[in-house]
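Colleague: Next come a sequence and a model predicted from it.
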Amino acid sequence: MGTTTLHGTPVVPGTGYGPAVRPAPRPTVSGVAAEVPEARRDAERERFHDAVGAVAERLDDRARRATGQAAEVLTTTAVMAQDPTLAGAVDTAIGAGTPAVQAVVAATQEFTRMFAAAGGLMAERVTDLEDIRDRVVSELLGLPEPGVPAPEVPSVLLADDLAPADTALLDPAFVVALATRLGGPTSHTAIIARQLGIPCVVAVAGLDDIQAGTPVLVDGETGTLVANPDDADAQQQVGAAGERAAEAARWRGTGQTADGHAVELLANVADGAAAREAAAGVAQGVGLFRTELGFLSASSEPSVKQQAAIYGQVMEPFADAKVVVRTLDAGSDKPLVYAGLPEEANPALGVRGLRIALDDPGILDRQLDAIAAAAEHSGSNVWVMAPMVATVAEASFFAERVRERGLVPGVMIEVPAAALLADALLEVVDFVSLGTNDLTQYTMAADRLSPSLAVLSDPWQPAVLALVKMTAEAGVRAGKPVGVCGEAAADPLLAAVLVGLGVTSLSAAAAALPAVGARLAGVSLAGCQEAARAALAATDPVEAREAARAVVDAA
Ligand code: PEP
Ligand code: MG
């Protein structure tokens, strides 16, 4: 078998090697089916119960072999599959002559409707129920188990793209690398792979040509995928990468370059649990508290007291440190029921982020009251920033309200307009933070959730780096901090480039910080600046990565 090398966008560093596995398709079921004759209904019921038993047993078996969150998810799914209420509804339908497959589909639909209407945590169970339905239906139809396979040996998962429900089931002990044909650096696949620490490359051209079973080596640092590599060479690369990763994970300390230029390493969090976990690691504070994520299932606005309690949980683990709270970023990919958002044809360009407060600041004012109350109680050094700011007037509107409450105001730089106006914005606020996920989306005019635009949705795009540079230089002129809190800060090589461009803090998921700290500790500020110049001079992300790597690796 010849060796083939494919290229994609690297999103999680590390190397994985093993046979390729692919998800099996989900079954499609026709709604119409002949009635089951009365004499065969008992047997049909038995067929259904046998199928449920087989599905649950397989899930339990996988749970026993899995670790961590994957094991928990599998056990819960196995219990749900055997839920007596669901089984009762299916039994009744079969008793009335509906074939088992259609009975399962109809009963699941009834329950998912109820769950969706109930909202909140119940609504989150809808995907799980649909997953169980597909497994039971496939079993009844004699088809392979749908969705992500459960490999028995360490394997490389190849897919078009993965749904959040699929990725939650990934067990890093058995899925040692991940490569997708679609998906960008901010896709669900990338975010979950990063959390689980599974080496991952997205947007791999030609991935369809690789058959299941083919030995594949994935390098999440360079974005290459080699099919049928030399076995000894692949094993050696995996071993070396594993050692490098283990060493990076052990890194402890405060963020600084090899020559002592300080760069704050901060954590992105959404709740108290994540903040506690971050405080136990290397995070020097919180650089982005995404407040809206805790309220996505709330049907009405939480009271100031309730909000203050939630914010306090994030501040307490960082009682003596900096905590940057972002006010609600409602709208677009994060709908918030109580924000009363209008239906819009193009919500990413609509009323979202700070824009929801401009005409009616009530929700913002109450949130700021809650943040101020929590800040007073916690003793943390609380900074507050607004998402989706495009004008100086918006920044002034926000800063005034934040200062009235004795807090430190800032804005996110997420749209090119804000980067272009960074000097003027920094006259009215005390800091800015680059949200590179949205800055990339709006600079490249590429929907960050589109699975087909990965090459554009890449913070290594030189146009994005140029806007980062403009913003960081404005920060130097104003003598004010310029942070990065988008996914870009989680990429160790890009982190060095960002520091070279003049960024003063990096905020990322806590799990990503040791590798970032380790990489910065190995390169001087002058090295970072040279890497930044090399990346800026490139004409595309691939060239930018290679140019920066050449500089940083030589340091
Ligand atoms: C960003 O856009 O980079 C950012 C940090 O905000 P979010 O990802 O929550 O939109
Ligand atoms: Mg954003």
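Modeller: Perfect, I can see it now. Ligands and ions are numbered 1, 2, ... in the order given.

Colleague: Every contact and neighbour count from this point should use C-alpha atoms.
Modeller: Noted.

Colleague: Give the full set of residues in contact with Val79.
Modeller: The contact partners of Val79, by C-alpha atoms under 8 Å, 6 or more residues apart in numbering, come to Ala56.

Colleague: Double-check that Val468 belongs to a helix.
Modeller: Yes: under DSSP: H, G, I helix; E, B strand; the rest coil, Val468 sits within a helix.

Colleague: doesn't Ala419 make contact with it?
Modeller: Yes: assessed by C-alpha atoms under 8 Å, Val468 is found in contact with Ala419 at 7.3 Å.

Colleague: Give me the spatial nearest neighbour of the residue of the stretch 201-350 of the chain found nearest ligand 1, chain neighbours excluded.
Modeller: Ligand 1 sits closest to Arg290 of the stretch 201-350 of the chain, with a gap of 6.3 Å, by C-alpha to the nearest ligand atom. Closest residue to Arg290 apart from its sequence neighbours, by C-alpha to C-alpha, 6 or more residues apart in numbering: Ala270 at 5.1 Å.

Colleague: which ones are touching the one you found?
Modeller: Applying C-alpha under 8 Å, 6+ apart, we find Ala270 in contact with Phe289, Arg290, Thr291, Leu293, Gly294.

Colleague: swap in Ser380?
Modeller: Met315, Glu316, Phe318, Ala319, Asp320, Ala321, Lys322, Val323.

Colleague: which bits of this structure sit near ligand 1?
Modeller: By C-alpha under 6 Å from any ligand atom, the residues of the chain that approach ligand 1 are Glu414, Gly435, Thr436, Asn437, Asp438, Cys485, Gly486.

Colleague: Burial check on the last one, number of neighbours?
Modeller: When you say that, I think you mean Gly486. Counted with other C-alpha atoms under 10 Å, the neighbours of Gly486 add up to 24.

Colleague: from memory it sits against Thr436, does it?
Modeller: Yes: assessed by C-alpha under 8 Å, Gly486 is found in contact with Thr436 at 4.6 Å.

Colleague: any idea whether Ala39 is helix, strand or coil?
Modeller: Assigned with three-state DSSP, Ala39 falls in the helix class.

Colleague: got the contact list for whatever residue of the stretch 301-450 of the chain ends up closest to ligand 1?
Modeller: Taking C-alpha to the nearest ligand atom as the measure, the point where the stretch 301-450 of the chain comes nearest ligand 1 is Gly435, at 3.0 Å. By C-alpha under 8 Å, 6+ apart, the contact list for Gly435 reads Met412, Ile413, Glu414, Val484, Cys485, Gly486.

Colleague: ok, of those residues, which one's closest to Thr85?
Modeller: Distances from Thr85 to the contacts of Gly435, taken as C-alpha to C-alpha, are shortest for Gly486 (43.7 Å).

Colleague: Can you check the pLDDT for the closest one?
Modeller: Note for Gly486: predicted pLDDT of 92.

Colleague: Ok, Ala118 next?
Modeller: 69.

Colleague: Next: Ala554.
Modeller: Listed pLDDT for Ala554 reads 87.

Colleague: Now do the phi/psi pair for Val324.
Modeller: The phi/psi pair for Val324 (degrees, to the nearest 10) reads phi -100, psi 110.

Colleague: hang on, it packs against Met385?
Modeller: Yes: assessed by C-alpha under 8 Å, Val324 is found in contact with Met385 at 7.0 Å.

Colleague: list the contacts for the residue nearest the centre of the chain?
Modeller: Closest residue to the average C-alpha location of the chain: Ile191 at 2.8 Å, with C-alpha atoms, centre = their mean. When contacts are counted by C-alpha under 8 Å, 6+ apart, Ile191 is found next to Pro185.

Colleague: So it: helix, strand or coil?
Modeller: What three-state DSSP gives for Ile191 is helix.

Colleague: cool, Leu328 as well?
Modeller: Here Leu328 is recorded as coil under three-state DSSP.

Colleague: Correct me if wrong: it contacts Phe289.
Modeller: No: at 9.9 Å, Leu328 does not count as touching Phe289 under the criterion of C-alpha under 8 Å.

Colleague: now the helices: where do they sit in the stretch 451-555 of the chain?
Modeller: Residue ranges of the helices in the stretch 451-555 of the chain, as given by DSSP state H, counting those that start in this stretch, are 462-478, 492-501, 513-521, 525-537, 541-554.

Colleague: quick one: contacts of the helix or strand hosting Glu394?
Modeller: Secondary structure assignment for Glu394, by DSSP states H and E: helix 392-404. Applying C-alpha under 8 Å, 6+ apart, the set of residues contacting helix 392-404 from outside is 354, 358, 365, 368, 384, 386, 389, 408-411, 421, 424-425, 428-429.

Colleague: From the contacts of Ala270, which land in strands?
Modeller: Phe289, Arg290 (DSSP state E).
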